[in-house]
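> Requesting a structural model of the entry that follows:
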Amino acid sequence: MERQLTAILAADIVGYSQLMGQDEAGTLEALLRFRAELFEPEVASGRGKVIKSMGDGWLVSFLSVAEAAACAFQVQDKLSNHATLKLRIGVHIGDVVFRNEDLFGDGVNVAARLQEFAESGTVTMSDAAFGSLDGALAPSFENVGWQEFKNISRPIQVWQRAAPLPAAVVTEGQSFSDERPVLFFQPVITSDDRIEILDLANALTGDIATCFSSVGWLNATTSVDSDLSEGAYRMTANLRARGSRLRFEVSMVTPDGEPMWSGKYDGDLEDAFDWQDETAQNVAADSIGQVLDREHLRLRSMDIENMSAEECVIASLMEFAILDEPSMASNLAYLAAAIDKRPDYADGYGNALANFVACTSMRLGSITDRYEVAFKLWVKAAKKLEDPTPMLTISLGLVDYRFNEDQQSLRRSIKQTLRRAPFSAEAVCYCGFGYMWMGDPEPALDCFRSGEKLMKFNPYAMPMLGGAAIASVMAGDDDAAIAYAKKGLETSDGYIALHTSLIAAYGHKGDLEVASRHIARLEELLPGDSISGRRAGSGYADTPGNRRFEEGMRLAGVPE
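Coordinates of the predicted model:
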């Protein structure tokens with residue numbers, strides 16, 4: 001018998017027998033679509049393996065708790081608005097025995113009991129599994145205490161993630177209504193019936209869909225129902241295989257049905273896992289880039305007076321990719337217009353407040369002086385909104401910390417934001433900066449790393465790279481800081497955080513020649529900058545990590 005430590009996910013359709021009794025044909029159709037469009041792609045994307053399928057339930061093994069939890073979150077979030085199907089999910093990690101394509105052992109029993117304990121739409125997890133989560137996923141769970149389960153010899157401490165809000169687009173952290181461009185993506189098809197090829201097609205579907213869902217300005221739909229594609233950018237993909245050779249073919253058309261783009265990606269089955277990751281990211285980057293370029297040109301051709309509030313927010317995100325002074329000024333101009341056009345727009349306020357705070361930390365006084373009066377009015381109006389989005393939640397926490405030094409408020413905001421939107425690049429990025437400003441580089445890095453796979457095409461790639469570089473210096477990993485900052489410099493030479501990180505990292509490494517080049521560039525971007533000026537203006541707490549950062553700048557030759 002082969003025993004091994006495995007993360008187990010147990011899932012069950014709530015009220016399946018009753019649903020079948022009420023509408024057998026409709027329930028079966030909904031279940032088949034759920035499996036094809038959502039469950040099987042998400043499982044394959046997380047390197048999971050369906051060990052047992054009971055019709056209305058599944059037992060899935062994963063290599064890590066993080067992958068099991070991410071799969072559970074994605075499935076529950078995307079199922080939250082389904083008309084009939086609801087799921088209960090339990091996750092545990094423990095010793096199991098694999099035999100004859102089946103799974104046995106105490107780990108399986110505990111996962112099954114956790115699933116039975118879970119409420120509709122929730123994810124329930126044992127303490128053993130919870131301890132394996134990082135700072136980006138762990139805040140989603142609440143401790144619900146020690147529980148006794150049938151046929152389990154010991155009590156289990158249980159953690160539970162609440163059901164997502166039914167009407168919220170929680171995986172994106174944005175709510176752009178119907179103004180966003182729509183991208184319709186059919187699940188990857190293949191004519192090869194080998195199980196490894198079918199699994200790979202599902203995994204590519206799940207990975208690409210996850211990349212799409214993280215992009216706040218894009219309304220991406222994955223479905224086999226082509227009727228949903230009217231008025232949308234449409235993308236189809238086919239995985240072909242001959243022996244071990246792989247070819248992934250993708251094509252896109254415009255909302256008017258005109259050919260827009262096509263691509264081919266070759267690989268080998270022997271290297272399927274790495275090829276899957278790289279290909280999914282490249283396909284998402286290439287396809288989203290095509291949509292982004294087209295939408296950017298459309299919005300650039302419009303006067304801001306003729307844009308809707310939602311279009312202004314989308315345009316502001318497109319200005320966020322460089323993070324130099326002109327792009328930040330343009331970003332806030334669009335957001336100010338969005339708020340003027342729609343004074344109840346939560347994400348207009350959320351982005352405006354967060355980006356104003358970012359400008360204060362970057363010490364862009366020409367911008368903050370211009371919007372100082374408007375900022376105070378935005379804060380007052382935003383606090384009156386009854387249903388803040390994740391982006392607004394983290395933004396208000398950042399405001400309380402930056403201007404009132406209220407760490408408790410910021411920690412609450414981070415927890416609430418990560419609970420509702422753990423895959424939103426925008427919201428998670430600012431959670432990372434919140435941790436970092438308070439002097440907690442490790443959970444900050446968890447947040448920034450969670451978006452690494454998405455950095456090829458997301459407007460928040462630049463702040464994530466800059467934040468990861470700063471946090472790495474604070475955590476003592478100068479080589480990682482240099483790698484993050486250099487990657488950011490490939491896109492923008494005007495983002496101050498990249499240069500300060502390189503100065504501090506090279507200062508600690510004793511490479512003063514390279515550090516001096518970045519000191520010279522920093523002087524061009526921020527004339528007269530000094531260590532005390534950074535301390536007074538950037539908002540970082542006096543912690544060991546920040547003192548290490550300042551010491552690196554001091555060693556490099558930055559004036560006191």
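> how about the helices in the stretch 301-450 of the chain?
Assigned by DSSP state H, counting those that start in this stretch, the helices in the stretch 301-450 of the chain fall at 309-318, 325-341, 346-361, 365-382, 390-404, 407-420, 425-438, 441-450.
> Please compute how far the longest one lies from its chain's middle.
So the one you mean is helix 365-382. 28 Å (CA atoms, centre = their mean, to the nearest Å).
> looking only at pLDDT, what's the mean for that helix?
Averaged over helix 365-382, pLDDT sits at 96.
> Mind giving me the packing neighbours of it?
Secondary-structure packing of helix 365-382 (3 or more CB pairs under 8 Å, 6 or more residues apart in numbering; DSSP states H and E): helix 325-341, helix 346-361, helix 390-404. In short, each C-beta sits where N, CA and C put it, glycine included.
> Could you provide those helices in TSV, with additional columns for mean pLDDT and mean neighbour count?
Below are those laid out as TSV (pLDDT from 0 to 100; neighbours: other CB atoms under 10 Å):
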stretch	mean pLDDT	mean neighbour count
helix 325-341	95	20
helix 346-361	93	25
helix 390-404	94	24
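> looking at those helices, which is closest to residue 4?
helix 390-404 (36.9 Å; CB to CB).
> Give me the buried positions along stretch 187-205.
187-188, 190, 197-205 (16 or more other CB atoms under 10 Å).
> From these, pick the one nearest residue 488.
Distance ranking of those against residue 488, using CB to CB, places residue 204 first at 28.2 Å.
> Contacts only, for residue 264.
247-250 (CB atoms under 8 Å, 6 or more residues apart in numbering).
> Can I take it that it is in a strand?
Yes. Counting by DSSP: H, G, I helix; E, B strand; the rest coil, residue 264 is part of a strand.
> what secondary structure does residue 12 sit in?
The three-state assignment at residue 12 reads strand, by three-state DSSP.
> That one bridge partners, please.
Note on residue 12: beta-bridge partners residue 57, residue 88, judged by DSSP bridges.
> tell me the strands in the stretch 1-150 of the chain, going along the chain?
With DSSP state E, counting those that start in this stretch as the criterion, the stretch 1-150 of the chain has strands at 2-13, 49-53, 57-62, 87-99, 102-104, 123-126, 141-147.
> Distance to residue 37 for the helices and strands packed on helix 365-382 - can I get that in CSV?
As requested, those are arranged in CSV below (distance: least, CB to CB, whole Å):
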stretch, distance to residue 37
helix 325-341, 33
helix 346-361, 27
helix 390-404, 25
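> quick one on the thing from earlier: which ones among the buried residues of stretch 187-205 lie within helices?
The helices, defined by DSSP state H, take in 197-205 from the buried residues of stretch 187-205.
> List just the nearest of those to residue 65.
residue 203 (19.0 Å).
> May I ask you to confirm that residue 252 belongs to a helix?
No. Residue 252: not assigned to a helix; according to three-state DSSP it is strand.
> tell me the pLDDT at it?
Residue 252 is assigned a pLDDT of 95 by the prediction.
> which residues pair with it across the strands?
Applying DSSP bridges, one finds that residue 252 bridges with residue 235, residue 261.
> ok, so what distance separates it from residue 236?
Residue 252 sits 8 Å away from residue 236, going by CB to CB, to the nearest Å.
> before we move on, what about residue 250?
For residue 250, the distance to residue 236 equals 7 Å [CB to CB].
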